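Peer 1: For reference, the sequence and a predicted model appear below.
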Amino acid sequence: MPEHILSGIKAIVAMKLKREGRLQREIAEYLKMDRSIISHYIHGRHPSDKVMRVSEEIVNLPAEYGIKIINSMSEDRELTKKIIENIYQVKIEIERDRCILCGECLECPYNAIFKNSDHLIEINNNKCVLCMECIYICPVNALNIKKFLPNELEE
Ligand code: SF4
Ligand code: SF4
């Protein structure tokens with residue numbers, strides 16, 4: 001069942017990208033899917049109504065809940081990151097005033113957290129896959145998800 005729901009979520013993202021003017025080929029590459037399936041999706045032949053209803057419910061959840069569910073559906077972190085960014089437009093942000101420099105978050109499994117030259121914690125959003133582990137591990141809630149502006153990550 002999770003793979004069906006993931007397909008439904010991909011269909012929602014595919015249709016969104018199509019409305020934004022992306023080509024079928026680009027959408028297929030972005031979602032790591034066959035072009036023929038993307039063609040089905042954008043012509044309205046998406047997974048069953050039941051699957052689409054559940055998928056819609058998930059993408060309409062507050063980001064912190066939706067991200068958790070999407071991450072549980074696939075081990076492919078490159079793919080889940082793309083889907084999460086596309087749906088929720090979020091990144092991980094640190095509140096420096098709260099951080100007590102305990103270093104727990106430096107265990108990020110994707111090496112996306114490091115200490116800068118001023119010995120302060122920084123996040124490399126290009127490496128971050130939005131697995132949320134650092135948010136759960138931080139003892140003082142200094143790490144959170146935050147909405148970003150379009151193109152902000154590409155700067
Ligand atoms: S969300 Fe995951 S990948 Fe991103 S910085 Fe936190 S632990 Fe690392
Ligand atoms: S886990 Fe939290 S308090 Fe500890 S270094 Fe990271 S951001 Fe700072």
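Peer 2: Noted; the coordinates are in hand. From a predicted model like this one, the values you see are computed outputs, not experimental measurements. Numbers count the residues shown, from 1 in each chain. Ligands and ions are numbered 1, 2, ... in the order given.
Peer 1: Can you get me a residue count around the residue nearest to Arg22 when sequence neighbours are not counted?
Peer 2: Of all residues not flanking Arg22 in the chain, Tyr30 sits nearest, at 7.5 Å (Cβ to Cβ, 6 or more residues apart in numbering). The way it works is simple: take the backbone N, C-alpha and C, and place the C-beta from them, glycine included. When neighbours are defined as other Cβ atoms under 10 Å, Tyr30 has 18 of them.
Peer 1: Output the set of residues of the protein in proximity to ligand 1.
Peer 2: 92, 108, 110, 112-113, 123, 128-134 (Cβ under 6 Å from any ligand atom).
Peer 1: again, 8 Å this time
Peer 2: Residues of the chain lying close to ligand 1 (Cβ under 8 Å from any ligand atom) are 77, 92, 105, 107-113, 123-125, 127-135, 137, 143.
Peer 1: Now, of the residues you listed, which are buried?
Peer 2: Buried members of the residues of the chain next to ligand 1, counted by 16 or more other Cβ atoms under 10 Å: 77, 92, 105, 108, 112-113, 123, 128-135, 143.
Peer 1: Which of the residues you listed fall within strands?
Peer 2: Among those, the ones falling in strands (DSSP state E) are Ile92, Ile113, Ile123, Leu143.
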